[in-house]
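*Asks:* Quick one: sequence plus predicted model below, questions after.
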Amino acid sequence: DAGVTQSPTHLIKTRGQQVTLRCSPKSGHDTVSWYQQALGQGPQFIFQYYEEEERQRGNFPDRFSGHQFPNYSSELNVNALLLGDSALYLCASSFTKLIYRGYYEQYFGPGTRLTVT
Amino acid sequence: DAKTTQPPSMDCAEGRAANLPCNHSTISGNEYVYWYRQIHSQGPQYIIHGLKNNETNEMASLIITEDRKSSTLILPHATLRDTAVYYCIVPGVMNSGYSTLTFGKGTMLLVSP
């Protein structure tokens, strides 16, 4: 059973460019969350997708947008890249019905390392 | 989310028990305590969670105080591969009615030979 997969592994972009990161959730999971992790910091929540809609969002500007597809995979898009967007971007998947029972266990992918120059 | 407080770093000798503390004094009655860890250059990994009672699984044990204001994650026989940042998290419910994980800086556990 494949876990959470992310692509690409590494990416180098220039300021002002746009980037798209991809995530495939663990089999059986229907919810995808995205996190940004700057060097030396804990992951920061960007947003969460369920049933192809953004269900909740953290404190990130509108330059950060996402999408979830019918097969539950997801994309994270960042426009007008800034140097400060350089970070490890993590995708995590979970099963929403378990959340109703108080289970917030999420499975994380290995991340995409984005460098903005 | 209930705020958690953890020491920034801890050391442990290989083979000994590692006891990682966490304070969560503002936790409410129905909030769980979750522990994750992140090995260098990898995504966070779920370890264990609990509500009131002590919990144990194949990775670790979780001891929660009776007043639920603090907890301790115990790795009974630490190995070099347990070197990682350990996060104690109390997920809260956001306006949407759902929850997510709010990570702090965690505790860097260094296991030495």
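*Replies:* Done, it's in.

*Asks:* For the rest of this, base every contact and every neighbour count on C-alpha atoms.
*Replies:* Noted.

*Asks:* for the closest residue in space to B:Y32 that isn't next to it in sequence, phi and psi?
*Replies:* Spatial nearest neighbour of B:Y32, chain neighbours left out: B:L51 (4.6 Å); criterion: C-alpha to C-alpha, 6 or more residues apart in numbering or on different chains. Backbone torsions for B:L51, taken as degrees, to the nearest 10, come to phi -110, psi -60.

*Asks:* give the contact list for B:L51.
*Replies:* B:30-33, B:64 (C-alpha atoms under 8 Å, 6 or more residues apart in numbering or on different chains).

*Asks:* can we see that at 10 Å?
*Replies:* A:102, B:29-34, B:62, B:64, B:68 (C-alpha atoms under 10 Å, 6 or more residues apart in numbering or on different chains).

*Asks:* ditto for A:S65
*Replies:* Neighbours of A:S65 in contact, by C-alpha under 10 Å, 6+ apart: A:20, A:46-47, A:54, A:57, A:75-79.

*Asks:* try 7 Å
*Replies:* A:S65 is in contact with A:76-78, counting by C-alpha atoms under 7 Å, 6 or more residues apart in numbering or on different chains.

*Asks:* Which positions in chain A make contact with chain B?
*Replies:* A:41-45, A:55-56, A:90, A:105, A:107-111 (C-alpha under 7 Å from any C-alpha of the partner chain).

*Asks:* are any of those buried, and which?
*Replies:* A:42-45, A:55-56, A:90, A:105, A:107-111 (16 or more other C-alpha atoms under 10 Å in any protein chain shown).

*Asks:* Adding pLDDT and secondary structure as columns, could you present those residues in JSON lines?
*Replies:* Output for those, formatted as JSON lines (pLDDT from 0 to 100; DSSP: H, G, I helix; E, B strand; the rest coil):
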{"residue": "A:G42", "pLDDT": "92", "secondary structure": "coil"}
{"residue": "A:P43", "pLDDT": "94", "secondary structure": "coil"}
{"residue": "A:Q44", "pLDDT": "94", "secondary structure": "strand"}
{"residue": "A:F45", "pLDDT": "92", "secondary structure": "strand"}
{"residue": "A:R55", "pLDDT": "88", "secondary structure": "strand"}
{"residue": "A:Q56", "pLDDT": "88", "secondary structure": "strand"}
{"residue": "A:L90", "pLDDT": "97", "secondary structure": "strand"}
{"residue": "A:E105", "pLDDT": "82", "secondary structure": "coil"}
{"residue": "A:Y107", "pLDDT": "92", "secondary structure": "strand"}
{"residue": "A:F108", "pLDDT": "95", "secondary structure": "strand"}
{"residue": "A:G109", "pLDDT": "96", "secondary structure": "coil"}
{"residue": "A:P110", "pLDDT": "95", "secondary structure": "coil"}
{"residue": "A:G111", "pLDDT": "96", "secondary structure": "coil"}
